[in-house]
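**Student:** With the sequence up front, the predicted model follows.
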Amino acid sequence: MENAWFGRRTYRSSDWSVERLVELKHRGRGTVSLVLPARDEAETVGGIVARVRRELVEDAPLLDEIVVMDSDSADDTAAVAREAGATVHRVGDVRPDLGHHRGKGEAMWKSQFVTSGDIVAFLDADLVEWGTHFVSGLLGPLLTQPGVSLVKGFYDRVLDLSGDGGGAGGEVSYEGGRVTELVARPTIALRWPALSGVVQPLSGEWAVRRDLFSQLSVPTGYGVELAVLVDTHLRRGVDAVAQVDLGRRAHRHQSLRDLGAMATELLAVADRRSGLDRVSDRVELRQFGSGEGRGAPLATEVSVVERPPAADVGAQEPRAGGGTGRAVLPDGLEGVIGRC
Ligand SMILES: O=c1ccn([C@@H]2O[C@H](COP(=O)(O)OP(=O)(O)O[C@H]3O[C@H](CO)[C@@H](O)[C@H](O)[C@H]3O)[C@@H](O)[C@H]2O)c(=O)[nH]1
Ligand SMILES: O=C(O)[C@H](O)COP(=O)(O)O
């Protein structure tokens, strides 16, 4: 099966040295913000921030800022990240006039109001097997190809449900990415086959030009990756998307039931972009217990709210006399996908 896009727009992180990328950046190809959305990642976020800071800020000035968006963490994520050298924002404290939703996409949407890079790169904060080439690799196509607006990372995905690195024998399975294989890939095959060459459509490691990201509706939860990918293709064409081989990645896994909620969020994204505007902002997902609780219904309310493009959201009105700031929203904003 031939996919011409794959041949044109697939790269390896080793295609560019960090020195070359720094040189390009300083020739005016754009400033770069790195953002890590993080909910309860105190165990891993500090190590990730410290290493990126050392290798891509101090040793080589590739990144202009490292920002951790603390997404309603109940643990020490914020303190650990700050200690490691990141600028930390609590998501709920950013543009409080726009309200607050839970979720990863909300953290990424709000990051647009507290970062300034021409390019914004995202990295999950729960990675246990990764390298700083995850970040530099994503920047290669954006710093060298003006026609590229979005770069997705891809890798072998380790499935390690035991969390012990593969057991005593050290054997690992590469069957990770259950929602990717069972929901995202089939959905893309059915609705947007031009994107079927994207190896990891849901990877949390991606980089985007701010001028594009600010024009996109952003789901507040896990639908953000699929939405940004599909919308980039619909707005700028498939060649605006590139992908980079980053090697191998391992992270903390969610339970199958939680992945059911994630899958629901992805299907809502796909329905909305297929003209099914009747999707409501909340979906009741019914799952069932097993073992002693066999057959017991478990209802989960899945939020599928989308935020409007950041470019359409006005600046916050200056607070007068200590009053609460209020958003200045352009006319008709209520009519676009997702309300604030
Ligand atoms: O409410 C939340 C939930 C998650 N996160 C962070 O988002 C990142 C990824 O979350 P995780 O729960 O580990 O997602 P995965 O199960 O790994 O989901 C994969 O698939 C998702 C759906 O596309 C992507 O959003 C993820 O980046 C990708 O890793 C981590 O840093 C989390 O701390 C938040 O900031 N807020
Ligand atoms: O991307 C996915 O499909 C989900 O994050 C699940 O990944 P996992 O099966 O590796 O836990």
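**Tutor:** That came through fine. Ligands and ions are numbered 1, 2, ... in the order given.
**Student:** Would you pull up the residue in this structure closest to ligand 1?
**Tutor:** Proximity to ligand 1, evaluated over the chain using CB to the nearest ligand atom, is greatest for residue 204 at 2.3 Å. Heads up, the C-betas are built off the backbone N, CA and C, glycines and all.
**Student:** Pull the contacting residues for that residue.
**Tutor:** Counting by CB atoms under 8 Å, 6 or more residues apart in numbering, residue 204 makes contact with 104, 122-124, 225.
**Student:** State the pLDDT value of it.
**Tutor:** The confidence metric pLDDT takes the value 97 at residue 204.
**Student:** go on, residue 60?
**Tutor:** 97.
**Student:** what's the answer for the one 5 residues further on, then?
**Tutor:** Looking at residue 65, its pLDDT reads 98.
**Student:** partner residues bridging it?
**Tutor:** Assessed by DSSP bridges, residue 65 has beta-bridge partners residue 33.
**Student:** I figured it was touching residue 33, is that so?
**Tutor:** Yes - Residue 65 is within contact range of residue 33, at 5.0 Å (criterion: CB atoms under 8 Å).
**Student:** just to revisit the earlier point, the contacts of residue 204 also near ligand 1: which ones?
**Tutor:** Taking CB under 6 Å from any ligand atom as the test, ligand 1 is in contact with 104, 124, 225 out of the contacts of residue 204.
**Student:** For whatever residue of the stretch 1-150 of the chain ends up closest to ligand 2, which non-adjacent residue is spatially closest?
**Tutor:** For the stretch 1-150 of the chain, the nearest residue to ligand 2 under the criterion CB to the nearest ligand atom is residue 124, separated by 9.4 Å. Counting by CB to CB, 6 or more residues apart in numbering, the nearest residue to residue 124 once its immediate chain neighbours are dropped is residue 204, at 3.8 Å.
**Student:** what's the spacing between the one you found and residue 251?
**Tutor:** Counting by CB to CB, to the nearest Å, the separation of residue 204 from residue 251 is 8 Å.
**Student:** can you list residues touching both of these two?
**Tutor:** residue 124.
**Student:** How many residues are close by the closest residue to residue 239 other than its chain neighbours?
**Tutor:** Spatial nearest neighbour of residue 239, chain neighbours left out: residue 147 (6.0 Å); criterion: CB to CB, 6+ apart. Residues contacting residue 147 under the criterion other CB atoms under 10 Å number 11.
**Student:** ok so, going back, can you classify the residue nearest to residue 124 as helix, strand or coil?
**Tutor:** Assigned state for residue 204: coil (three-state reduction, DSSP: H, G, I helix; E, B strand; the rest coil).
**Student:** For ligand 2, see how far away it is.
**Tutor:** Summarising the geometry, the distance separating residue 204 from ligand 2, computed by CB to the nearest ligand atom, to the nearest Å, is 8 Å.
**Student:** What residues does the residue of the stretch 1-150 of the chain closest to ligand 2 make contact with?
**Tutor:** Residues in contact with residue 124, defined by CB under 8 Å, 6+ apart, are 36-37, 204-205, 251.
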